[in-house]
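Trainee: Provided below are the primary sequence and the corresponding predicted coordinates.
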There are 2 protein chains.
Amino acid sequence: MRIGELAERAGTTTRTLRYYESLGLLPARRTGNGYRSYDEEDLRLLQQIRTLRDFGFELEETRPFVECLRSGHPAGDSCPASLEVYRRKLAELDECIARLGAIRERVGTQLVQAELARAELEAAATAPDGAPEPRCELTPPGP
Amino acid sequence: MRIGELAERAGTTTRTLRYYESLGLLPARRTGNGYRSYDEEDLRLLQQIRTLRDFGFELEETRPFVECLRSGHPAGDSCPASLEVYRRKLAELDECIARLGAIRERVGTQLVQAELARAELEAAATAPDGAPEPRCELTPPGP
DNA sequence: TCTGGCCTTTACGCCGGGGTCAAGGTCTAC
DNA sequence: GTAGACCTTGACCCCGGCGTAAAGGCCAGA
């Protein structure tokens, strides 16, 4: 199988495959004329990479999985190194989710307050009263 | 106030201020010798930018807030355009959190299954039984 | 033989948000 | 007058994961 076919079967591009090869992630054999040559096993490796990438794994993080497969294991995550990557990723995800959740709360609060302030301003514009002096700046987060 | 002082007071660098100026986000007046000159109002604008950036807003997204302040409003989020950015950001955050949560679930499940498979393998290695044939590849997510 | 469709390598671009020189101007203090 | 601390512009570099040429080789069909 040549590079174009592998790319198409994996739903990616030839550029991507050459890039992976340049990283040593998916090396290719060569035919007599210099063309890259792949087999079904390479397709499996590539699918493992693409699947992990879809999950937000960086390419380097997929390396243990690929090497695990290449060393004859039935699945990319049959090896301790892969499990370690899973665990690190879980911790990362948890932290990221928590951080985003906290920000979401703050932004949500800001939005509500700012909307309230605008409503008051409009009410003040309608009724000829004194200015309610709205204050709604984002306060900087801790260090 | 010159650029160095403003940078220090805002906890950032001169390079950053020049960058913001190049974006038209924080233009500076000039003194006779060509030095940039800032006042307290500029400090407020800059603080608004930095605060929003700490919340994960892109620089372009801070523009409505800055322009709102510059047009004389008491707070950067006193204007409809700013509120719109808040709402978009909230939607973004919600989607991002949901996506990460779904991935977290899948990775967690993979980890547990892979750990189970390994435990079975080791048990099989201890007891001379038939192979339990573990399968634990990540399955690709939907389109 | 020519056209078209593969393939090869090399190399630059992009995205955001600046970091980090380099080469020079300006001001203050001693 | 000169050291040192500031300022100026311009330019290249970084991260990851490729996209997108440019310039040329290889092979099949008409």
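Mentor: Ah, there it is. Numbering: from 1, shown residues only, chains lettered A, B, ... in the order given.

Trainee: Only C-alpha atoms from now on, for both contacts and neighbour counts.
Mentor: OK.

Trainee: ranges for the strands of chain A?
Mentor: Using DSSP state E, the strands assigned to chain A run over residues A:29-30, A:36-37.

Trainee: among these, which is the most enclosed?
Mentor: Stretch with highest mean neighbour count among those: strand A:36-37 (a mean of 16; mean count of other C-alpha atoms under 10 Å in any protein chain shown).

Trainee: which non-adjacent residue is nearest residue A:7?
Mentor: residue A:13 (5.0 Å; C-alpha to C-alpha, 6 or more residues apart in numbering or on different chains).

Trainee: could you measure the one you found against DNA strand D, distance?
Mentor: 5 Å (C-alpha to the nearest atom of the strand, to the nearest Å).

Trainee: Return the distance of that residue relative to DNA strand C.
Mentor: Separation of residue A:13 from DNA strand C (C-alpha to the nearest atom of the strand): 9 Å.

Trainee: And for residue A:4?
Mentor: 3 Å.

Trainee: before we move on, what about residue A:76?
Mentor: Plainly put, residue A:76 is 26 Å away from DNA strand C if you go by C-alpha to the nearest atom of the strand.

Trainee: List the contacts of that residue.
Mentor: Applying C-alpha atoms under 8 Å, 6 or more residues apart in numbering or on different chains to residue A:76 gives the contacts A:48, A:64, A:65, A:66, A:67, A:68, A:69, A:82, B:136, B:137.

Trainee: could you redo the last one with a cut-off of 7 Å?
Mentor: A:65, A:66, A:68, A:69, B:137 (C-alpha atoms under 7 Å, 6 or more residues apart in numbering or on different chains).

Trainee: residue nearest the centroid of chain A?
Mentor: When C-alpha atoms, centre = their mean is applied to chain A, the residue found nearest the centroid is residue A:56 (2.8 Å).

Trainee: Tell me the confidence at that residue?
Mentor: According to the prediction, residue A:56 has pLDDT 91.

Trainee: got it, and residue A:117?
Mentor: Model confidence at residue A:117, expressed as pLDDT, equals 82.

Trainee: What of residue A:59?
Mentor: 96.

Trainee: now the end-to-end length of stretch A:20-36.
Mentor: Its start and end residues considered, stretch A:20-36 measures 13 Å (C-alpha to C-alpha, to the nearest Å).

Trainee: got it, and stretch A:22-35?
Mentor: For stretch A:22-35, the first-to-last residue distance is 15 Å (C-alpha to C-alpha).

Trainee: now that stretch: how far from the chain's centre is it?
Mentor: Stretch A:22-35 sits 27 Å away from the centroid of its parent chain (C-alpha atoms, centre = their mean, to the nearest Å).

Trainee: so for that stretch, what's the average pLDDT?
Mentor: According to the model, stretch A:22-35 has a mean pLDDT of 96.
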